[in-house]
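Peer 1: using only what follows, build the 3D model:
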Amino acid sequence: VIDNLKISCSAGVDDINSKFLKSTKEYSSIILSKLFNQSLNCGYLPDDWKVGKVVPIHKTGDQHSPSNYRPISLTSIPCKILEHVIFSHLVNFLESNNFFSPAQHGFRKSFSCETQLLTFTNDLHLILDRSSQADCIFLDFAKAFDKVSHSLLLHKLSKLSIDSATLSWIHAFLTNRSQFVFANDTSSPSASVTSRVPQGSVRGPLLFLTYVNDLPSCVSSSISLFADDCVIYREVTNKSDVSSLQCDLDRVSEWCDLWHMQLNTNKCKVIRVSRLQSDVSCYYLNHTPLQQVTTYKYLGVHISSNLSWETHIQYVTSNANRMLGFIKRNFSAAPLSLKLLLYKTLVRTKLEYASSIWDPGTDVLTSAVEAIQNRSARFILTNYHRTASVTSMKSSLNLPNLASRREVFRLCLFHKIYYHNHTLRDKLLAPPFYISQRLDHRHKMGVPSCNTTTFHNSFIPR
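Peer 2: Numbers count the residues shown, from 1 in each chain. Model prediction:
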């Protein structure tokens, strides 16, 4: 664990930095092992391990407005090492006992934003493919990680059959915590922390997943979670389905009241996914009607009411174009190698985030994405001749077409699901209709029949 520490990792209030631990690991590892064992056996942590040094980092806008700063909490590095050890064992225990809801994709091995988006959009594609429609309610938790009650979290942890020593250590870890703000070489007075998942801690995400794990069991509709990013959705064929979805929304609200969480009503939105123009039913959260929209940016990807990726591709190409323009204005005289690196890290990444999910199925949208790379290749080589072959330029720069890269991304995601995520494999992939004993192999999968081009161009059938 010490070997994997980053040299740049800042120290907490105990002033023990990673550089010191790495340079003395033969001795510090022995000392820390004894200290860790004593901490676990006694269920006690040094006071410095429970203090957060909050450093505000300016994001953008008015520097006098606190809302324009991102708080970075620096905690003890030795405590982070012990957290990592406990975290690994606790995750293995919970995963082996199938504790986590299959609807939760956040901070879990073999789960990601892509698997979350894939599961959600595939369900919607199936609904549209049978000429039906779905209502989706996107929920926004207000400062979700900050609202977690320590006492209620400990109550939930006590129900998990965790050994008493580990539970006592977690109790000590969560109680009597404090933090202070450090800015301009000045420290503020300390303040006690009685709620929120500890910022800067290794186990913070795991504790949050534990806290919200029972949320999916409250609803009868489909639900997808990536940590606190939540959407509940349901196929709507009659008024009864609308009533059921409203009841589920009420249950989520009741769950929030029970566990001291809060939904930001103004940021919760409703989309009706349908191939037809139809009136969207009105849904209420705490007697407040939710806004109905035709597109919603979910986990960085724009979901539209007809499941077209045109809006999202317009967004990513516009975003990538702005970044390319910035590079052109500021690095026109840079060497070729630097221009190429800037394109790969600042432009291409914008064109490829979650692209295995939104990979366009039309030539027009595919060309719109590739055009950004074409312009980038001309800039990198400073060759703007109209007769010059962009294909040759990209070949000389070892830049394959983005469409071929997206195909590789889709195959990698499929491989990850098939071999490393049996939960998603059983949900998303169908067995073959027929297996030939002479020609086929045991890994053959069934290809779903498609009634619409939209579904045919989506991840699973493709």
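Peer 1: C-alpha from now on. contacts and neighbour counts both.
Peer 2: OK.
Peer 1: hey, which helix or strand in this structure has the poorest pLDDT?
Peer 2: Scoring the helices and strands of the chain by mean pLDDT, DSSP states H and E places helix 144-147 at the bottom, with a mean of 82.
Peer 1: which residues are contacting the next helix or strand after that helix?
Peer 2: As assigned by DSSP states H and E, the chain's next helix or strand after helix 144-147 is helix 150-157. With C-alpha atoms under 8 Å, 6 or more residues apart in numbering as the test, helix 150-157 has contacts from 167, 171, 174-175, 194-197, 207, 210-211, 259.
Peer 1: buried ones in helix 150-157, by neighbour count?
Peer 2: 150, 153-154, 156-157 (16 or more other C-alpha atoms under 10 Å).
Peer 1: make CSV out of those residues and add pLDDT.
Peer 2: Shown next, in CSV, are the buried residues of helix 150-157 (pLDDT from 0 to 100):
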residue, pLDDT
150, 85
153, 90
154, 88
156, 92
157, 89
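Peer 1: mind jotting down where the strands sit in the stretch 301-450 of the chain?
Peer 2: Secondary structure of the stretch 301-450 of the chain by DSSP state E, counting those that start in this stretch: the strands cover 301-304.
Peer 1: what residue ranges in the stretch 51-200 of the chain score low on pLDDT?
Peer 2: 196, 198-200 (pLDDT under 70).
Peer 1: mind running it again at 80?
Peer 2: 67, 194-200 (pLDDT under 80).
Peer 1: before we move on, back to that, filter the contacts of helix 150-157 down to the buried ones and hand me the PyMOL line.
Peer 2: Selection of the buried residues among these in PyMOL, burial being defined by 16+ other C-alpha under 10 Å:
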select buried, resi 167+171+174+175+194+195+196+197+207+210+211
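Peer 1: closest to residue 146 out of the contacts of helix 150-157?
Peer 2: Checking the contacts of helix 150-157 against residue 146 by C-alpha to C-alpha gives residue 196 as the nearest, at 3.7 Å.
Peer 1: and which of the contacts of helix 150-157 is nearest to residue 382?
Peer 2: residue 197 (50.3 Å).
Peer 1: that closest one contacts residue 145, correct?
Peer 2: Yes - with contact defined as C-alpha atoms under 8 Å, residue 197 reaches residue 145; the gap is 5.5 Å.
Peer 1: okay, and the common contacts of the two?
Peer 2: residue 208.
Peer 1: how much space separates the most centrally placed residue in the chain from residue 230?
Peer 2: Nearest to the mean C-alpha position of the chain, by C-alpha atoms, centre = their mean, lies residue 113 at 4.5 Å. Separation of residue 113 from residue 230 (C-alpha to C-alpha, to the nearest Å): 12 Å.
Peer 1: phi, psi for the residue nearest to the centre of the chain please.
Peer 2: phi -60, psi -40 (degrees, to the nearest 10).
Peer 1: same thing with residue 172?
Peer 2: phi -70, psi -30.
Peer 1: how deep is the closest residue to it other than its chain neighbours tucked in, by neighbour count?
Peer 2: Among residues not flanking residue 172 along the chain, residue 44 sits closest, at 5.9 Å (C-alpha to C-alpha, 6 or more residues apart in numbering). As a burial measure, residue 44 scores 16 neighbours (other C-alpha atoms under 10 Å).
Peer 1: check residue 452 too.
Peer 2: 14.
Peer 1: I'd like the distance between it and residue 131.
Peer 2: Taking C-alpha to C-alpha, one finds residue 452 at 9 Å from residue 131.
Peer 1: and for residue 289?
Peer 2: In terms of C-alpha to C-alpha, residue 289 sits 27 Å off from residue 131.
Peer 1: now swap in residue 29 and tell me
Peer 2: 62 Å.
Peer 1: what do you get for residue 109?
Peer 2: Counting by C-alpha to C-alpha, the gap from residue 109 to residue 131 is 35 Å.
Peer 1: now residue 425
Peer 2: Taken as C-alpha to C-alpha, the span from residue 425 to residue 131 is 25 Å.
Peer 1: more neighbours: these two, which one.
Peer 2: Remark: of residue 425 and residue 131, residue 425 carries more neighbours, 16 against 13, as counted by other C-alpha under 10 Å.
Peer 1: start and end of stretch 194-210, how far apart?
Peer 2: 18 Å.
Peer 1: actually stretch 66-77, sorry about that
Peer 2: 27 Å.
Peer 1: how about stretch 60-73?
Peer 2: 19 Å.
Peer 1: which residues are in contact with it?
Peer 2: In contact with stretch 60-73 (C-alpha under 8 Å, 6+ apart) are residues 52-59, 199-200.
Peer 1: and these, which is closest to residue 388?
Peer 2: For these, the nearest to residue 388 is residue 59 (41.7 Å; C-alpha to C-alpha).
Peer 1: that closest one: neighbouring residues, count only.
Peer 2: Neighbours of residue 59 (other C-alpha under 10 Å): 11.
Peer 1: do the same with residue 18
Peer 2: Residue 18 has 22 nearby residues by other C-alpha under 10 Å.
Peer 1: that one against residue 12, yeah?
Peer 2: No - with contact defined as C-alpha under 8 Å, residue 18 does not reach residue 12; the gap is 10.5 Å.
Peer 1: anything in contact with each of the two?
Peer 2: residue 77.
Peer 1: could the buried residues of helix 150-157 go into TSV alongside distance to residue 461?
Peer 2: Conversion of these to TSV gives the following (distance: C-alpha to C-alpha, whole Å):
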residue	distance to residue 461
150	45
153	42
154	44
156	41
157	41
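Peer 1: how about stretch 177-196: buried residues?
Peer 2: In stretch 177-196, counting by 16+ other C-alpha under 10 Å, buried: 177-181, 193-196.
Peer 1: and if you look at stretch 285-295?
Peer 2: Buried residues in stretch 285-295 (16+ other C-alpha under 10 Å): 285, 290-292, 295.
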